[in-house]
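Undergrad: Provide a 3D model corresponding to the input given below.
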Amino acid sequence: MLKTLKTMSSLIGCLAVMSCVAPGDFCTVVKGPIEFEPETARAVVRTDRADAESIAVQNDYGRDRCDWRY
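TA: Predicted structure coming up:
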């Protein structure tokens, strides 16, 4: 029982450390859009649509809120 409690405490501690984020706002942390060559972009959409949509949301947010140069 004690070994299980120690293991659980260690796992909770690891999760707490892993959930730390870099200091700063979005525009400080994310320096620019995630971009792919057209062929790669098509492959990402075809193989992992959810990630492609998340990238698009992040890029749209950054374009609206940050001083990203193109």
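Undergrad: Give me the neighbour count for the closest residue to Val44 other than its chain neighbours.
TA: With C-beta to C-beta, 6 or more residues apart in numbering as the criterion, Val44 has its nearest non-adjacent residue at 4.9 Å, and that residue is Ala52. Quick note: C-beta positions are derived from backbone N, CA and C, even for glycine. Using other C-beta atoms under 10 Å, Ala52 has 18 neighbouring residues.
Undergrad: tell me which element Ala52 is part of?
TA: Secondary structure assignment for Ala52, by DSSP states H and E: helix 49-65.
Undergrad: Run through who's touching that helix.
TA: Residues outside helix 49-65 that contact it (C-beta atoms under 8 Å, 6 or more residues apart in numbering): 26-27, 30, 32-35, 41, 44-45, 68.
Undergrad: Just among these, which is most surrounded?
TA: Val30 (18 neighbours).
Undergrad: mind checking how far that one is from Arg42?
TA: With distances taken as C-beta to C-beta, to the nearest Å, Val30 is found 24 Å from Arg42.
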